[in-house]
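# A structural model of the following input is requested.
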Amino acid sequence: MELNKDNIKKILGIICFAAVVALAVIKFDVLYVYFWDILGILYPFLLGGAIAFVINLPMRFYEHHIFENQWMKKSKWNRLVKMKRPFSMMLAFLSLCLVIVLVAWLVIPQLIFAVEKLAEKVPVFMEEVWILLQKLGDEVPEVKEMLGYLNTNAFDWKEVTSAAINFLRNGAGESMLASTFSIAGGAISSTVNFFIALVFSIYVLMQKEKLGSQFARTLKAYTSDKVYRTTMKVCSMLHENFSRFITGQCTEAVILGTLFVISMTVFGFDYALMIGVLIAFTSLIPIVGAFIGCFVGAFLLLVDDPVRAVLFVVLFLVIQQIEGNLIYPHVVGNSVGLPSIWVLAAVTIGGSLLGVVGMLVFIPLMSTVYALLRESVNRRNGLKQNQEIKQK
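Numbering: from 1, shown residues only. Below you'll find the predicted structure:
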């Protein structure tokens with residue numbers, strides 16, 4: 001290799017890159033701690049960006065279909081067109097708040113009522129179970145032995161209460177005070193972070209075109225044309241895939257909630273509307289979210305009739321199979337252009353790495369990677385075919 005100026009730069013670049021990788025491997029524990037510290041500092045702004053991205057979807061809908069409508073421009077309300085951005089943003093935030101309040105209004109009172117009834121019925125239910133087990137123990141020695149073990153190791157509630165009182169008098173003063181300060185500090189920190197995120201999201205929404213233009217001009221100024229075009233292309237694909245994923249996820253949630261309301265009404269289940277709304281809301285978490293709604297729904301039905309609760313679980317499993325194998329992969333998978341098997345892989349990997357957030361993020365991310373990889377494979381195969389044709 002000729003040691004000219006360009007080759008020397010490439011060699012130095014490779015050496016620097018190898019040194020950085022070696023340092024990252026050697027000091028991985030230190031870098032890991034610094035990474036999470038930096039992430040904690042940036043958390044309010046990342047949260048604000050996520051809020052802005054979600055709110056931008058209904059805000060854009062209101063802008064295009066209400067304030068930019070021809071009827072609005074020709075009506076006496078045409079002055080509002082100049083204020084379309086703040087009004088659209090306000091309507092978008094109100095829509096989100098309305099959905100949350102509606103779900104809480106339908107679910108929370110019924111859940112409190114169910115807990116109160118369950119507290120009354122649990123002792124009676126446990127007594128009936130104990131009598132049934134005693135009858136069964138007369139016929140099955142193993143059950144009788146288990147009942148004897150339970151009787152021997154039953155809780156002495158007086159002793160437990162006495163120990164709790166002594167702990168509160170002697171050992172819990174300082175720890176409870178420290179816990180109180182810790183909880184209060186965490187609540188204040190979360191409130192401040194949310195307020196900063198909310199303000200940041202409003203600023204981003206009001207100035208999104210300007211911020212996008214500034215990012216594009218800065219990137220173009222400090223990178224080559226190839227890097228600039230590639231980066232802008234990837235950002236555009238990410239934006240489109242995330243938007244389609246959120247839209248598809250909401251569509252799938254509405255379909256699933258409607259299926260539960262209709263099926264539960266047809267089969268005569270109680271709380272059909274409330275459980276359907278709850279399952280629709282929790283199913284926004286990909287694939288596994290509906291099981292949270294199933295647990296709460298079965299809990300509510302268990303208060304009145306355990307048999308109905310079991311039947312509801314059976315109904316849930318049937319609808320879940322239909323939704324998981326037919327509706328979700330096609331509605332959400334098609335919305336982001338990702339085959340069904342890769343949707344399942346994205347949810348599994350994302351959930352293992354980052355929990356619920358990973359499930360939400362990895363589907364559009366994998367969709368973008370899948371599209372880029374498909375484009376690269378097609379381009380390379382096309383070049384090879386052209387070379388084979390020329391050689392012939």
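# By mean pLDDT, which helix or strand of this protein comes out lowest?
Across the helices and strands of the chain, mean confidence by mean pLDDT, DSSP states H and E is lowest for helix 157-166: a mean of 52.
# backbone phi and psi for Leu284, please?
For Leu284, the backbone dihedrals (degrees, to the nearest 10) come out as phi -60, psi -20.
# wait, doesn't it sit right on Thr251?
No - counting by C-beta atoms under 8 Å, Thr251 is not a contact partner of Leu284; they are 10.9 Å apart. (Each C-beta comes from the backbone N, C-alpha and C, glycine too.)
# According to the record, where do the domains of the protein fall?
Taking automatic domain parsing as the domain assignment, the record places the domains of the chain at 40-206, 224-378.
# weakest of those by average pLDDT?
Among those, domain 40-206 has the lowest mean pLDDT, at a mean of 72.
# And the helices in the protein, which stretches?
5-26, 28-62, 70-74, 84-137, 141-152, 157-166, 172-206, 208-222, 225-266, 272-282, 289-304, 306-322, 328-336, 340-391 (DSSP state H).
# Can you say which of those helices is packed in most?
helix 272-282 (a mean of 22; mean count of other C-beta atoms under 10 Å).
# Would you mind getting the angle between it and helix 306-322?
40 degrees (axes from the mean of the first three to the mean of the last three C-alpha atoms, to 10 degrees).
# Give me the helices and strands touching helix 272-282, please.
Judged by 3 or more C-beta pairs under 8 Å, 6 or more residues apart in numbering; DSSP states H and E, helix 272-282 is in contact with helix 84-137, helix 225-266, helix 289-304.
# What helices and strands are in contact with the last one?
Okay, so that is helix 289-304. Using 3+ C-beta pairs under 8 Å, 6+ apart: helix 289-304 touches helix 84-137, helix 272-282, helix 306-322.
# do the second one as well
Counting contacts by 3+ C-beta pairs under 8 Å, 6+ apart, helix 225-266 is packed against helix 28-62, helix 208-222, helix 272-282, helix 306-322, helix 328-336, helix 340-391.
# of all those, which lies closest to Cys16?
With respect to Cys16, and counting by C-beta to C-beta, the nearest of those is helix 28-62 at 16.9 Å.
# Just want the angle from that closest one to helix 225-266.
70 degrees.
# Now do helix 28-62: distance to the chain's middle.
14 Å (C-alpha atoms, centre = their mean, to the nearest Å).
# and what of stretch 285-299?
The answer for stretch 285-299 is 13 Å, by C-alpha atoms, centre = their mean.
# likewise stretch 251-271?
22 Å.
# And for stretch 305-316?
Its chain's C-alpha centre and that of stretch 305-316 lie 27 Å apart, by C-alpha atoms, centre = their mean.
# go on, stretch 382-392?
47 Å.
# any idea of the pLDDT on Lys220?
So Lys220 comes in at 90 (pLDDT).
# My guess is it contacts Tyr228. True?
Yes - counting by C-beta under 8 Å, Tyr228 is a contact partner of Lys220 at 4.9 Å.
# just to revisit the earlier point, I'd like the helices and strands packed on helix 289-304 as JSON lines, with distance to Tyr203 appended.
As requested, those are exported to JSON lines (distance: least, C-beta to C-beta, whole Å):
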{"stretch": "helix 84-137", "distance to Tyr203": "11"}
{"stretch": "helix 272-282", "distance to Tyr203": "29"}
{"stretch": "helix 306-322", "distance to Tyr203": "41"}
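# Now do the closest residue to Ala216 other than its chain neighbours against Phe215, distance only.
Nearest-residue entry for Ala216: Met232, 6.6 Å, with adjacent residues in sequence omitted and distances by C-beta to C-beta, 6 or more residues apart in numbering. Separation of Met232 from Phe215 (C-beta to C-beta, to the nearest Å): 9 Å.
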